[in-house]
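Chemist: Coordinates for the following, if possible.
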Amino acid sequence: MTLKLTKVDDLIRHEHAWVGPEDKCFFLREYTARAGYAHGETNDIISNLKKKMDRRGKPEWRWKEWAIDRVGRELRGVIGDKAMRTVTIVPMPPSKCKTDPEYDDRVLQIARIMTAGLSCDVRELVLQRESMPAAHECEEGQRPKPADYFANFYVDEDVATPVPTRILVVDDVLTAGAHFAGIKRRLLERFPEVILFGCFFARRVLPKAEDDFRGFVPDQN
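Modeler: Below is the predicted model:
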């Protein structure tokens, strides 16, 4: 399978409520929500990528490390070394802040794998003031909104110079897009002239009707 980046356009934007027509967001794969790791290769990668930090030190932890490496290498392959040297790469902050025992820096690790051996500008420009619930663990209607993320995000002034001109925000999964909308607002407030892109390993797609009936066997009587 040949992988390439796809832009979030008018055909699919309605599935990502907080991504606007002016946003330059791209994704590599599609992840089917609620379908489990056995649904396909992408679901398997994402399931391993999101293993919780309390699994560290257990035999299964190697699969999280495998997934981080796989995601980083695939994104590097489709973006290209030359393009990555032209942007400031900003990993999306995880849901937990650095002082939280559940803090998971997988996206930062992905960014480092993407740029290994290259002279690239990778910066944790945006941090969180406090931990927030993971969006995928929240019930519909209770997920944080872009304004919640904006309020919780802050620019780390220790790494704010030199002023970036082009920012590539990297994240693992695009769902509704609230994280991206929040970090975009925070970055543009601080760097109003910057050109900003979003790059996601996968976008979430909702199960199709046929997926809901997978494994269903009609009564033969």
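
Chemist: Can you name the residues in contact with stretch 39-49?
Modeler: Residues lying outside stretch 39-49 but in contact with it, judged by Cβ atoms under 8 Å, 6 or more residues apart in numbering, are 29-32, 35-38, 63-64, 66-68, 70-71, 106, 172-173, 201-202, 211. All C-beta spots, glycine's among them, are computed from the backbone N, C-alpha and C.

Chemist: What average pLDDT does that stretch get?
Modeler: Per-residue pLDDT values across stretch 39-49 average out to 95.

Chemist: mind listing which of the contacts of stretch 39-49 are in helices?
Modeler: Secondary structure assignment (DSSP state H) places Trp63, Lys64, Trp66, Ala67, Ile68, Arg70, Val71, Arg106, Asp211 from the contacts of stretch 39-49 within helices.

Chemist: The top strand by length along the chain packs against which elements?
Modeler: Across the chain, the strand with the greatest residue count (assigned by DSSP state E) is strand 195-205. Counting contacts by 3 or more Cβ pairs under 8 Å, 6 or more residues apart in numbering; DSSP states H and E, the secondary-structure elements packed against strand 195-205 are strand 25-32, helix 41-49, helix 61-79, strand 166-174, helix 178-190.

Chemist: Quick check: which of those is buried the most?
Modeler: Comparing those by mean neighbour count (mean count of other Cβ atoms under 10 Å), strand 166-174 comes out on top with a mean of 23.

Chemist: returning to that earlier point: CA atoms of the longest strand of the chain as PDB?
Modeler: Provided in PDB are the C-alpha atoms of strand 195-205 (Å, rounded to 0.1, in the frame of the first residue of the first chain):
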ATOM      1  CA  ILE A 195       1.500  30.000   8.600                       C
ATOM      2  CA  LEU A 196       0.100  27.000  10.400                       C
ATOM      3  CA  PHE A 197      -0.500  23.400   9.300                       C
ATOM      4  CA  GLY A 198      -1.800  20.300  11.000                       C
ATOM      5  CA  CYS A 199      -0.500  16.800  10.300                       C
ATOM      6  CA  PHE A 200      -2.200  13.800  11.800                       C
ATOM      7  CA  PHE A 201      -1.200  10.100  11.500                       C
ATOM      8  CA  ALA A 202      -4.900   9.200  11.300                       C
ATOM      9  CA  ARG A 203      -8.300  10.700  11.200                       C
ATOM     10  CA  ARG A 204     -11.200   9.000  13.100                       C
ATOM     11  CA  VAL A 205     -14.000   7.700  11.000                       C
END
